[in-house]
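S.K.: Output the structure for:
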Amino acid sequence: MDPLRVAIIDYDAGNLRSIATALTLAGADVVLARTPQEAGGCDAVLLPGVGAFGAAMQRLEAAGFPAWLRGQVDAGVPLIGVCLGMQMLFDSSEESDGVRGLGLLKGDVGRLLPGLKIPHMGWNQIVSRGGPFDAVDREFVYFAHSYVARPADAAVIAAIVRYGTEFPAAVRRGRVLGVQFHPEKSGAVGQRLLQGLIAWCADVRAAPSVT
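M.R.: Below you'll find the model as predicted:
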């Protein structure tokens with residue numbers, strides 16, 4: 001079987017070398033795509049992200065990605081958001097008032113609780129609520145963020161973490177999945193998860209109705 005071809009969206013939102021390397025080691029055929037045309041024909045799409053929500057969405061818009069990403073999901077292509085990329089799957093963020101997210105998951109993004117050391121940087125234990133995250137249940141992964149997702153429907157929460165309060169470490173609905181942490185910086189645990197996510201993407205492609 002040919003390796004899963006994964007397009008990583010390159011919109012100047014951080015160094016993509018580590019995530020590209022990690023995905024390649026996990027068995028994927030990786031394409032760095034700066035335009036929708038360069039990502040065309042891929043089996044899955046990964047949306048990374050560091051920095052501010054508003055600036056990132058502006059760069060995505062300038063490159064023509066938001067409508068294309070929604071269309072890919074509608075066409076049965078799995079989409080994975082990582083860190084800020086997960087946050088952009090939602091409708092909006094307190095970080096950037098008036099800026100619309102991708103709206104693929106209902107809800108918004110809010111700042112971590114006052115009194116906590118922000119950004120939240122370091123290793124924390126996640127607890128799976130099913131799906132591909134069962135393979136890393138109770139494992140420690142690496143976080144680096146100041147904002148957290150607030151899904152309108154708690155059923156999309158695929159894993160949780162506690163840092164001052166409990167919040168989603170991962171979300172999943174249909175063909176859309178997101179992780180707040182960085183698998184590519186999470187050592188062997190992250191590598192194992194990426195292998196599971198590649199298998200999940202393959203299942204989605206084989207049976208587009210997968211949830």
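S.K.: so what's V171 bridging to?
M.R.: I157, G178 (DSSP bridges).
S.K.: any weak-confidence spans in the protein?
M.R.: 1, 208-211 (pLDDT under 70).
S.K.: What segments of it are helices?
M.R.: With DSSP state H, the ranges of helices along the chain come out as 17-25, 36-39, 53-62, 65-74, 84-87, 187-206.
S.K.: now for the fifth one, which elements pack on it?
M.R.: So that's helix 84-87. Packing contacts for helix 84-87, counted by 3 or more C-beta pairs under 8 Å, 6 or more residues apart in numbering; DSSP states H and E, involve helix 53-62, strand 147-151, strand 176-179. For glycine as for every other residue, the C-beta is placed from the backbone atoms N, C-alpha and C.
S.K.: Of those, give the one that comes closest to D137.
M.R.: Nearest to D137 among these is strand 176-179 (14.0 Å), distances taken as C-beta to C-beta.
S.K.: Show me what the closest one is packed against.
M.R.: When contacts are defined as 3+ C-beta pairs under 8 Å, 6+ apart, strand 176-179 packs onto strand 79-82, helix 84-87, strand 165-173, helix 187-206.
S.K.: So what touches the longest one?
M.R.: For helix 187-206, the surrounding residues in contact (C-beta atoms under 8 Å, 6 or more residues apart in numbering) are 4, 6, 22-23, 25-28, 43-44, 76-78, 80, 131-133, 135-136, 139-142, 175, 177, 179, 182-184, 186, 210.
S.K.: Filter those down to the buried ones, PyMOL style.
M.R.: In PyMOL, this line selects whichever of these come out buried by 16 or more other C-beta atoms under 10 Å:
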select buried, resi 4+6+22+23+26+28+43+44+77+78+80+131+132+133+136+139+140+141+142+175+177+179+182+183+184+186
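S.K.: picking up where we left off before, columns distance to A152 on top of the helices and strands packed on strand 176-179, output as JSON lines?
M.R.: Formatted as JSON lines, those follow (distance: least, C-beta to C-beta, whole Å):
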{"stretch": "strand 79-82", "distance to A152": "17"}
{"stretch": "helix 84-87", "distance to A152": "14"}
{"stretch": "strand 165-173", "distance to A152": "11"}
{"stretch": "helix 187-206", "distance to A152": "22"}
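S.K.: Let me know which of the ones you listed is the nearest to G115.
M.R.: Judged by C-beta to C-beta, the one of these that comes nearest to G115 is strand 165-173, at 10.5 Å.
S.K.: ok, now which ones touch the residue nearest the centre of the chain?
M.R.: The residue lying closest to the centre of the chain (C-alpha atoms, centre = their mean) is G81, at 1.8 Å. By C-beta under 8 Å, 6+ apart, the contact set of G81 is 46-47, 49, 87-89, 176-179.
S.K.: Tell me which of the helices and strands packed on helix 84-87 is the most buried.
M.R.: A comparison of the helices and strands packed on helix 84-87 by mean neighbour count, using mean count of other C-beta atoms under 10 Å, puts strand 176-179 on top with a mean of 26.
S.K.: Output that strand as CSV, restricted to C-alpha atoms.
M.R.: Only the C-alpha atoms of strand 176-179 are listed here, as CSV (Å, rounded to 0.1, in the frame of the first residue of the first chain):
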residue,chain,number,x,y,z
VAL,A,176,-12.0,17.1,11.5
LEU,A,177,-9.5,16.5,14.4
GLY,A,178,-7.3,18.9,16.4
VAL,A,179,-4.6,18.6,19.1
